[in-house]
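*Asks:* Attaching a predicted model along with its sequence, questions to come.
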Amino acid sequence: MDNESRLKAIIENAIDGIITIDQRGIIETLNPAAAAIFEYEPTEVIGKNISILMPEPDHSNHDHYIENYQRTGTKKIIGIGREVLGKKKSGTTFPFLLSVSEVALKDKIIYTGIIHDITQLKEAEHAFRKLNTELEERVQQRTSELFDAIKQLKETNAKQKEAEAEVRKSLEKEKELNELKSRFVTLASHEFRTPLSTILSSTTLIAKYEEIGDRDKMNKHIDRIKTCVAELTVILNDFLSLSKLEEGVVPNTPSEFNIYMLAKDIQDEMQSTLKEKQTFTCVHKGPETVYLDKNIIKNILLNLISNAVKYSEKGVIELSVAVTNVNIIFTVKDEGIGISEEDKPFLFTRFFRAHNAANIQGTGLGLNIVKRYVDLLSGHISLESKMDHGSTFTIEIPKISVS
Ligand code: ADP
């Protein structure tokens, strides 16, 4: 086979399209691959301008491209190769790699274009990009799902911790309450013994004095029994109040009432518990109507006054009430044993008893209860005292408006 035939065979059988044009852009030859790519019969395109195989804008501009190159010699595509769009007979466009070379024949110059169809490559690339984007989106979605899950987990964790803390708190509270109760049982069994044995011996003595008809002695022992019962009642009441306060079930329910009348009632109530050399006075300043929880006020005052009676042998016990525009001030004053400077800081602590009170019956609960009642009313309690001269407890309760 001669060289020309061999070259022809190669061109005829090439997979890539090969088209030659003359200097004006007129198609001179195209191999079967090129015809197949553009879906034309060779006879349909030979002799036509190459621009029929191009979509816009190349279709309209191709003549200028050639003219430009021939005028300036600037190569935009020749010898470079580029990715361009082709237009098939059916009008559909497709991407291909075009490499153009300039061939100088004996009598003229022609241009040869090799067309390598990259439709499938582009489709694969497109599919790959799409897949990639989908993958990225999926990763992003999974990541955000993961973040959500972590967030939820954290929230659940925090809630669980909160619940745990709540349970721990209530357990501690219950433990404290149990300790309080068992401490009280120990204390009560001790504190109850004296008044109970006094009551027992007094009843025996009353029976005996009845036999001999000694009414004075009988009355003395009846009074003693009354005092003992009062003491026992105080202990029980203190404990009940404390239990209720601990459980947080003491309501602050204010209502309008006459505070002076209440002070007078308390005076009457306390009269029978006074010792022989004690007197009780009641002083009032300002308007008489107040808006407070009457029960709480009564409890506070009874507690302070019974202490004043208990911790003094003689002298005046004074309850004073002053109602001002902003607050209500109560003071309970006695001339009793007083409280030492060292003991003062602990006075409102539960179960605390001052050193000079060892021989006097008591549980150390009363002032703690008073303090908690005062707190409940957003008030303030203070104390002035001098050993062997007496004590004054002052309570200030802010006024609240009638709503
Ligand atoms: P209790 O009287 O049952 O001991 P309180 O809590 O009422 O308990 O009082 C605590 C302590 O404060 C008392 O034990 C006592 O030492 C001291 N105290 C309270 N009131 C007075 C008072 N008016 N004068 C002297 N000491 C007092």
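*Replies:* Now that the structure is in, tell me what you want to look at. Numbers count the residues shown, from 1 in each chain.

*Asks:* Can you name the residues of the protein sitting close to the ligand?
*Replies:* Residues of the chain found near the ligand (C-beta under 6 Å from any ligand atom) are 307-308, 311, 334, 336-339, 347, 352-354, 357, 362-368, 391. C-beta here means a position set from N, CA and C on the backbone, and glycine is covered the same way.

*Asks:* Quick one: low-confidence residue ranges for the stretch 101-250 of the chain.
*Replies:* Low-confidence segments of the stretch 101-250 of the chain, defined by pLDDT under 70, are absent.

*Asks:* go with 90
*Replies:* 102-107, 109, 173-195, 223-224, 226-250 (pLDDT under 90).

*Asks:* can you tell me the residue of it closest to the ligand?
*Replies:* residue 238 (7.1 Å; C-beta to the nearest ligand atom).

*Asks:* re the thing from before, which among the residues of the chain next to the ligand count as buried?
*Replies:* 307-308, 311, 334, 336-339, 347, 353-354, 357, 362-368, 391 (16 or more other C-beta atoms under 10 Å).

*Asks:* I figured the residue of the stretch 101-250 of the chain closest to the ligand hits residue 369, correct?
*Replies:* Yes - the pair residue 238 / residue 369 is scored as a contact, 6.0 Å apart, by C-beta atoms under 8 Å.

*Asks:* okay, those two: which has more neighbours?
*Replies:* residue 369 (23 against 20; other C-beta atoms under 10 Å).

*Asks:* quick one: contacts for the more buried one?
*Replies:* Contact analysis of residue 369 by C-beta atoms under 8 Å, 6 or more residues apart in numbering lists 238, 241, 242, 245, 299, 303.

*Asks:* Just confirm it is within a helix.
*Replies:* Yes - under DSSP: H, G, I helix; E, B strand; the rest coil, residue 369 falls within a helix.

*Asks:* how close does residue 90 sit to the ligand?
*Replies:* Noted for residue 90: a distance of 107 Å to the ligand, by C-beta to the nearest ligand atom, to the nearest Å.

*Asks:* I meant to write residue 315 there.
*Replies:* Between residue 315 and the ligand the distance is 11 Å, computed by C-beta to the nearest ligand atom.

*Asks:* what about that residue, how many neighbours?
*Replies:* 17.

*Asks:* Ok, the one 5 residues further on next?
*Replies:* Other residues within reach of residue 320 by the criterion other C-beta under 10 Å amount to 17.

*Asks:* And for residue 327?
*Replies:* Residue 327 has 14 neighbouring residues, counting by other C-beta under 10 Å.

*Asks:* Ok, the one 4 residues further on next?
*Replies:* Other residues within reach of residue 331 by the criterion other C-beta under 10 Å amount to 18.

*Asks:* quick one: it is in a strand?
*Replies:* Yes - per three-state DSSP, residue 331 lies within a strand segment.

*Asks:* quick one, what contacts it?
*Replies:* By C-beta under 8 Å, 6+ apart, residue 331 lies in contact with 318, 319, 320, 392, 393, 394, 395.

*Asks:* looking at this, residue 351 is in a strand?
*Replies:* No - the assignment for residue 351 is coil, going by three-state DSSP, so no strand is present there.

*Asks:* ok so, going back, find me whatever residue is spatially closest to the residue of the stretch 101-250 of the chain closest to the ligand, sequence neighbours aside.
*Replies:* residue 365 (4.3 Å; C-beta to C-beta, 6 or more residues apart in numbering).

*Asks:* Any chance of the backbone angles for the one you found?
*Replies:* As for residue 365, its main-chain torsions (degrees, to the nearest 10) stand at phi -100, psi -30.

*Asks:* my guess is it contacts residue 242, does it?
*Replies:* Yes - between residue 365 and residue 242 a contact is recorded at 5.8 Å, counting by C-beta under 8 Å.

*Asks:* Quick check: neighbours shared by these two?
*Replies:* Residues within reach of residue 365 and of residue 242 at once, by C-beta under 8 Å, 6+ apart, are residue 350.

*Asks:* follow-up on the earlier one: just the ones in helices from the buried ones among the residues of the chain next to the ligand, please.
*Replies:* 307, 308, 366, 367, 368 (DSSP state H).

*Asks:* So the first one sits against residue 365, correct?
*Replies:* Think residue 307. No - with contacts counted by C-beta under 8 Å, residue 307 stays clear of residue 365, the gap being 11.3 Å.

*Asks:* Pull the number of nearby residues for residue 236.
*Replies:* Neighbours around residue 236, by other C-beta under 10 Å: 13.

*Asks:* roughly how far apart are it and residue 363?
*Replies:* Counting by C-beta to C-beta, to the nearest Å, the separation of residue 236 from residue 363 is 10 Å.

*Asks:* name the helices or strands packed onto the longest helix along the chain?
*Replies:* Scanning the chain for the longest helix, with DSSP H as the assignment, gives helix 119-212. Judged by 3 or more C-beta pairs under 8 Å, 6 or more residues apart in numbering; DSSP states H and E, helix 119-212 is in contact with strand 93-104, helix 215-247.

*Asks:* Now with 6 Å, please.
*Replies:* For helix 119-212, the packing partners by 3 or more C-beta pairs under 6 Å, 6 or more residues apart in numbering; DSSP states H and E come out as helix 215-247.

*Asks:* tell me what the helix it packs on is packed against?
*Replies:* Helices and strands touching helix 215-247, as assessed by 3+ C-beta pairs under 6 Å, 6+ apart, comprise helix 119-212, helix 366-376.

*Asks:* right, and the helix or strand after it?
*Replies:* Moving toward the C-terminus from helix 215-247, the next helix or strand (DSSP states H and E) is strand 255-258.

*Asks:* Return the set of buried residues in the helix or strand just after that next one.
*Replies:* For strand 255-258, the succeeding helix or strand toward the C-terminus, using DSSP H and E, is helix 259-271. Buried residues in helix 259-271, counted by 16+ other C-beta under 10 Å: 259, 260, 262, 263, 266, 270.
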